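> build the 3D model from these lines:
(2 chains)
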Amino acid sequence: MAFSRRSLLAGTAGLGALAAGGLSACGSRTSISSDPNELVIWYWDRSIDPALLSIAAKQIPGTQRHLRADIIGGSFDTKLRTSLAGNAYIPDLTNINSNVSLYFPNEDMFLDLDELGAQNYKHLYFDWKWELGVTPTNHFRFFPLDTGPTGFYYRQDVFDKAKIPSDPESVGAAMKTWDEFIELGQKLKRNVGSFMDITAGQLFGQYINASPQRYFDKAGKPLYMNQTSTIRDAWNMAVKAIKAGITGNQQVSTDQNAAWESGKTAGHIEAVWWAQILGDTAPDTKGKWRLAKQPVRAGNSGGSFICIPHTCKDPEAAFKFITWLNNPQNQAQAFNNIQLFPSAEDSFTLGTMKSNTGFFGDQDPLTFFLEAAKEVPTSFISTYEAQAAFFGTEITNVEAAGKNPDRAWDDAVAQTNKILRKRGVNV
Amino acid sequence: MTVTNPAIPSARVADEPSTTERRPRNPFKRFWPQYVAVAPFYILFLVFGMFPLIFSIWLSFNDWDGMGQMKFVGLAQYRFLITDSRFWLAVGNTFLIWIMSTIPMLFLALVIAFLLHTNIRAKGFYRVAFFIPNVTSAVAMAIVFGSIFSNSFGIINSFLNWLHVSQVPWLSNPWGIKVVIAVMVIWRWTGYNSIIYLAGLQAVSTELYEAARVDGANNWHIFSRITIPMLRPVILFTVITSTVGGLSLFTEPQVLFGNTSNIGGPADGGLTIVLYQYYQAFNQFDFGYGAAIAWALFIIAVVFAIINWRLVSEREVDGQKVFKVSRKQRAANASAEPTEVAAK
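As a prediction, the model looks like this:
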């Protein structure tokens, strides 16, 4: 008895010491890998071509280093920010999604790629995409990965039934302005009862995505309160669309998916990557969809970046990996393998890119979106746009809850300004 | 304590003289193996429980985006909280959903427990069947309910259509959203509560029922005059657990609206306190404000704890007999203690 109690105590004591030791062994190490020849990249599934990663895993071309690629699951930003804040276990390279402006206030955490010779590569990429990686202090820290040029997806069969123009050329020609878009939507609604898009919030967002001016200027000054502003114009257009009844008020994805499948919603303005999602959610509609130019000009929705945290153990090698990963040949291959739409224009002229599979009938989506990508205006996405989400919320309130549009606008401005003042912005 | 474990003080007395005479040691040195033995829990608790708790208090007095420099702002987060209409909307939503779910849920659970308590066939099957929703993944459930209540394609609206009743935009109307979330909570927790009620019912002596029958009471009288009063402590327990659950409601609205443009759903109809806290901390990266919301929720929970506590102590005054016995026991314990003190 006495012996077994003693050994039990000794055993638990040992466990306790182990736990304490284990925790103290967590002493910080800045880099996530202690191997000096190993660079580590954080990314999420389907954001880098696995075939290219497996080449770099043996050796990053042109260097003596090799790459370890860690897939980071959900809450990517929280994990990356935590390791940067704790100055421990930081990867040598990391992807960041289209919300790259979130990192602008802490931009010093990432290397200025111009110091590594990024200017020599600038000519390869769409200008507007390159500019999205430039911080308000004019440092280029976020390198282009893929892009998301937008267009108007629509159901040709439904348009035919509604006896309105249905081939891509004439649909595009029939809606050169947003007013014409709404008029066309009214005909569609009247004739077959279908909607032009799922929600007014979607139109509002894509209007802004296709505009050179957005919520803030580079100095962080809000623009939406000006006499004329993109946000106000987008708002007025969305309110007009709601009053015309051309949007479906489908706020939840189950409703949206069912509506595209059935043709209740016969259109959608979204980026190139949406084709993949649509193909998965509504496979039976294959061949019925077409792509037309959206009103005014195409915009950009989504598309990620790659960057080098300040603790990287070999910035030159990391930068070599970035430029190799994103050269036109490899971007073309990434498109073929996992449908990442290139940011390098030369990818399209190589002739190696495989177009898609008849989902758009005889229309070639690649040519369509290449034309769209050339039209995207250069714009500036401010870090404070995350605090300006009230405009989207309020336009949804107008559509879903019938809120008075003028009151909704005033509420959106008031709430945004209040949060901005909390964040120390002068408004 | 003293009655069940008389061996401990006497054992202490036995080795006392030798230790006190030769080497007076502090208690830590004497009992270090025991301290080490319980250390793993406390170390883990300090790191993963206590530290975040204390840190969140500190955080709520700071402005921090989770990455850059922390800036001390005093009570500014709390001042903002008081004027934040969205926070108060979340508080209102939380209570509305809590009321809309708890009252029907507990009533249903009581009825189900009462029925399960009677002599019916396949009792075991029903008990398991009613409990299964509770062990179902909340995420999967929220997705299924999202489809059932879908505005234009859901089975509920199809049914209403068939009845020639006008359809309800469940997932875009602020009240519809609350109903959907409340229904989810009811579906998930009714079985759990009825199992607890059933356990309570089985503890009620059958003699009471028999006596009531002899006196000519009907089912309703038995239910309202015997079952409910006897179950009062159990009902109180379920009210407390559903208050805790209701105040921390998060998964259901998060899965329903997490990937839409607005986290609380249209018109913030499904914005609960914890969802708002999560949104501020992990979507807006305003950790100071997120921590302030968490502590505001703590204060609300404390208020509820006090109300619950008042209800409990009221019961003790009612049942004076129980109270007196326990007091006598305490007195007995107290009289036993002096010997122990003297032994030390």
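
> low-confidence stretches in the stretch 1-150 of chain B?
Flagging of the stretch 1-150 of chain B using pLDDT under 70 yields the residue ranges B:1-25.

> backbone torsions only: list them for residue 135.
You didn't pick a chain, so chain A it is. phi -80, psi 170 (degrees, to the nearest 10).

> what is the residue lying closest to A:L53 once chain neighbours are set aside paired to in the beta sheet?
Residue nearest to A:L53 in three dimensions, not counting chain neighbours: A:A69, with 4.7 Å by Cβ to Cβ, 6 or more residues apart in numbering or on different chains. For glycine as for every other residue, the C-beta is placed from the backbone atoms N, C-alpha and C. As for beta bridges, A:A69 partners with A:I41 under DSSP bridges.

> burial check on A:A69, number of neighbours?
By the criterion of other Cβ atoms under 10 Å in any protein chain shown, A:A69 has 18 neighbours.

> need the contact list for it.
Residues near A:A69 by Cβ atoms under 8 Å, 6 or more residues apart in numbering or on different chains: A:V40, A:I41, A:Y43, A:I48, A:L53, A:A56, A:A57.

> so which of those are in helices?
A:L53, A:A56, A:A57 (DSSP state H).

> quick one, which of the contacts of A:A69 are buried?
Among these, those classed as buried by neighbour count (16 or more other Cβ atoms under 10 Å in any protein chain shown) are A:V40, A:I41, A:Y43, A:I48, A:L53, A:A56.

> which one of those residues is nearest to B:Y209?
Of all the buried ones among the contacts of A:A69, B:Y209 sits closest to A:Y43, with 66.5 Å by Cβ to Cβ.

> ok, the closest one to A:K79 distance?
12 Å (Cβ to Cβ, to the nearest Å).

> identify the contacts common to these two.
Counting by Cβ under 8 Å, 6+ apart, the residues touching both A:Y43 and A:K79 are A:I72.

> who touches B:W187 in this structure?
So B:W187 contacts B:P133, B:M141, B:F145 (Cβ under 8 Å, 6+ apart).

> most surrounded residue in those?
That'd be B:F145 among those, by other Cβ under 10 Å, with 24 neighbours.

> mind putting the contacts of A:A69 into a markdown table with pLDDT?
Converted to a markdown table, those look like this (pLDDT from 0 to 100):
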| residue | pLDDT |
| --- | --- |
| A:V40 | 96 |
| A:I41 | 97 |
| A:Y43 | 96 |
| A:I48 | 96 |
| A:L53 | 96 |
| A:A56 | 96 |
| A:A57 | 96 |
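
> in CSV, list those residues along with distance to A:G245.
Putting the contacts of A:A69 into CSV (distance: Cβ to Cβ, whole Å) gives the following:
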residue, distance to A:G245
A:V40, 52
A:I41, 48
A:Y43, 43
A:I48, 43
A:L53, 48
A:A56, 52
A:A57, 54
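
> surely B:F304 is in contact with B:T241?
No: judged on Cβ atoms under 8 Å, B:F304 makes no contact with B:T241 at a distance of 11.9 Å.

> interface residues of the stretch 201-350 of chain A facing chain B?
Neighbours of chain B within the stretch 201-350 of chain A, by Cβ under 8 Å from any Cβ of the partner chain: A:201, A:205, A:248-255, A:258-259, A:262, A:264.

> report the two of those separated the most.
Across those, the longest distance by Cβ to Cβ is 23.9 Å; it joins A:G205 and A:S262.

> which one's more surrounded, those two?
Taking other Cβ under 10 Å, A:G205 and A:S262 do not tie; A:G205 has more neighbours (21 against 16).

> need phi/psi at that one.
Per degrees, to the nearest 10, the backbone of A:G205 is at phi -60, psi -40.
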